[in-house]
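Enquirer: Mind folding the following:
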Amino acid sequence: MTVTLASRTSPRCGRTGRPGPVRRRRAGLLLVLLLALLVAAGLSLAFGARPIAPAAVWDALVHPTGTEEDIVVRALRVPRTVLGILVGIALGAAGALMQGHTRNPIADPGLLGVNQGAAFAIVLSVVVFGVSDLSAFIWFGFAGALVAAVVVFLLGAVGGHGATPVTLALAGAAVSALLYGIISAIVLGNRQGMEAYRFWHVGSIAGRDAAIAGQIAPFLILGLLLAVLNTPGLNTLSLGEDVATSLGQHVRRTRIVGVLAITMLTGAAVAACGPIAFLGLIVPHVARALTGPDYRWLVPFAALLGAVLLLLADVLGRLVSGDTFEVGVMLALLGAPVFIHLVRRRGLAGL
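Expert: Here you go, the predicted structure:
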């Protein structure tokens, strides 16, 4: 048993115990994902309702002259692409952490009540405080997401045994249902609140300026740092809580760090763009198929895959409908059949 645990948890060994080939393969795949992200970003800048030639995109970025194409690229598509990268990274990494901590292969980042917490705060800001600026929505949305996650964690820890995957999932479902009912009651009687909620809830990276990416960037950076710190402990927890405790792992501290990372990443992404379905659910399964169960590799792979998938879905939506289909809609249309395929082919074996 000692040899088996060492081979699974050692940072220098893969599944076969040979560090060289496994690490080189993973590093090579990571480089491929980085290149894919660059390609996806280029497509996001070049294609849309009005296609722009690559040379014109380059000139707009490096040598702008104030032409209409320069304005489209710099004022509209660059902020949209940057925000798409940030949000995709956040939701991909958060999805991997969520599935690891809950031991639930169909868990997504919104399981902690973050989506409904952000929605409730945004609706409240419109109805009660009269907020109409999108940049102000973000702060209310992030605050609501954070409060909802804290409430879910506290409810999941009731009983003195600490938060467990089951209690977190149950508490998250209960809080989400409660907030959804309150939101429905508010927006049905307030037209302005309904319009704000519908605009935000569809899930979109369009119509956001560069300042929004700057607003959420500090929270995303902090969330990613916490995620990286959480991965070794999550590897140990994957062996079972009893085994992790016997190996000296502080289970409760690992859970708290993981919940904080998920809340920071998901709260910032959802506050800026609204709930984007399926991304945090599907991406970890694809990343796990590429890297195996080691979360030190799984989380970075899921983050990059999330950014690539979100940008490509956004580009496809622009090409198909000219911005009628927002990225949240496109990911739902694409994600449902992909997830069904994963279920049929892999059976979503236990994590």
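
Enquirer: any idea of the pLDDT on the residue nearest the centre of the chain?
Expert: Nearest to the mean C-alpha position of the chain, counting by Cα atoms, centre = their mean, stands residue 91 at 0.6 Å. Looking at residue 91, its pLDDT stands at 95.

Enquirer: Ok, the one 3 residues further on next?
Expert: Model confidence at residue 94, expressed as pLDDT, equals 94.

Enquirer: And it, how far from residue 88?
Expert: 11 Å (Cβ to Cβ, to the nearest Å). Quick note: C-beta positions are derived from backbone N, CA and C, even for glycine.

Enquirer: what does residue 329 give?
Expert: With Cβ to Cβ as the criterion, residue 329 and residue 88 are 16 Å apart.

Enquirer: ditto for residue 130
Expert: 32 Å.

Enquirer: more crowded one of the two?
Expert: residue 88 (32 against 8; other Cβ atoms under 10 Å).

Enquirer: From residue 308, how far off is the more buried one?
Expert: Taking Cβ to Cβ, one finds residue 88 at 7 Å from residue 308.

Enquirer: same deal with residue 54?
Expert: 19 Å.

Enquirer: In terms of neighbours, single out the busier of the two.
Expert: residue 308 (25 against 11).

Enquirer: Does the more buried one touch residue 32 like I think?
Expert: No. Taking contacts as Cβ atoms under 8 Å, residue 308 lies outside contact range of residue 32: 10.3 Å.

Enquirer: what's the residue lying farthest from the centre of the chain sitting at in phi/psi?
Expert: Relative to the mean C-alpha coordinate of the chain, counting by Cα atoms, centre = their mean, the farthest residue is residue 65 (36.3 Å). Main-chain dihedrals, residue 65, degrees, to the nearest 10: phi -120, psi 10.

Enquirer: how far away is the closest residue in space to it that isn't next to it in sequence from residue 210?
Expert: Counting by Cβ to Cβ, 6 or more residues apart in numbering, residue 59 is the residue found nearest to residue 65 once chain neighbours are left out, at 7.5 Å. Look at residue 59 and residue 210: by Cβ to Cβ, they are 20 Å apart.

Enquirer: Tell me which of these two has more neighbours.
Expert: Neighbour totals were compared for residue 59 and residue 210, and residue 59 leads with 17 against 14 (other Cβ under 10 Å).

Enquirer: Return the distance of that one relative to residue 76.
Expert: Residue 59 is 16 Å from residue 76, by Cβ to Cβ.

Enquirer: likewise residue 153?
Expert: Taking Cβ to Cβ, one finds residue 153 at 39 Å from residue 76.

Enquirer: tell me how far stretch 296-311 is from the chain's mean position?
Expert: In terms of Cα atoms, centre = their mean, to the nearest Å, the centre of stretch 296-311 is set 9 Å apart from its chain centre.

Enquirer: Can you tell me the SS state at residue 163?
Expert: coil (DSSP: H, G, I helix; E, B strand; the rest coil).

Enquirer: For it, which non-adjacent residue is closest in space?
Expert: Per Cβ to Cβ, 6+ apart, closest to residue 163 is residue 156, 3.8 Å.

Enquirer: can you check residue 93 too?
Expert: residue 303 is the one closest to residue 93 (Cβ to Cβ, 6+ apart), at 4.2 Å.
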